[in-house]
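Novice: okay, structure incoming, though there's no sequence with it:
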């Protein structure tokens, strides 16, 4: 409480909900199984939530999946960002946005 007796406002943190994390982790698991990705990191701030994907732990992220609620009514809250900051796709539906980096595994007959 502050000197006037009211509680100080606690800043809210933007995060991914259970459904969003399931979508992201399903993609991540497939890409790890394919040997494409090896590590990830999650960052939660008052402005946005970020899921960073790495090929190796010591490198810059290959992709960042971002959730920015302030953009929800405009371009969409979700975006996939390339290493140099280029936005690969932005939209309102997470599954459609992350499809830009989802390379489906194909059966190769030999």
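Specialist: Done, it's in. A quick note: this is a predicted structure, and the numbers were derived from the prediction, not measured.

Novice: could you look up the SS state of the nearest residue to residue 92 once chain neighbours are set aside?
Specialist: Nearest in space to residue 92, with sequence neighbours left out and distances taken as C-beta to C-beta, 6 or more residues apart in numbering, is residue 76 at 4.0 Å. The way it works is simple: take the backbone N, C-alpha and C, and place the C-beta from them, glycine included. Under DSSP: H, G, I helix; E, B strand; the rest coil, residue 76 falls in the coil class.

Novice: check contacts around residue 76.
Specialist: Residue 76 sits next to 90, 91, 92, 93, 97 when contact means C-beta atoms under 8 Å, 6 or more residues apart in numbering.

Novice: at 10 Å instead, please
Specialist: Listed by C-beta atoms under 10 Å, 6 or more residues apart in numbering, the contact partners of residue 76 are 67, 68, 89, 90, 91, 92, 93, 94, 96, 97.

Novice: need phi/psi at the residue most central in space within the chain.
Specialist: What sits nearest the mean C-alpha location of the chain, by C-alpha atoms, centre = their mean, is residue 65, with 2.6 Å. Main-chain dihedrals, residue 65, degrees, to the nearest 10: phi -100, psi 120.

Novice: now the helix ranked longest in the chain: buried residues?
Specialist: Counting residues, the longest helix found in the chain (DSSP state H) is helix 18-33. Residues of helix 18-33 classed as buried by neighbour count (16 or more other C-beta atoms under 10 Å): 20, 21, 23, 24, 27, 28, 31.

Novice: who are the packing partners of it?
Specialist: Judged by 3 or more C-beta pairs under 10 Å, 6 or more residues apart in numbering; DSSP states H and E, helix 18-33 is in contact with strand 39-44, strand 49-54, strand 63-67, helix 94-98.

Novice: cutoff 8 Å now
Specialist: For helix 18-33, the packing partners by 3 or more C-beta pairs under 8 Å, 6 or more residues apart in numbering; DSSP states H and E come out as strand 49-54, helix 94-98.
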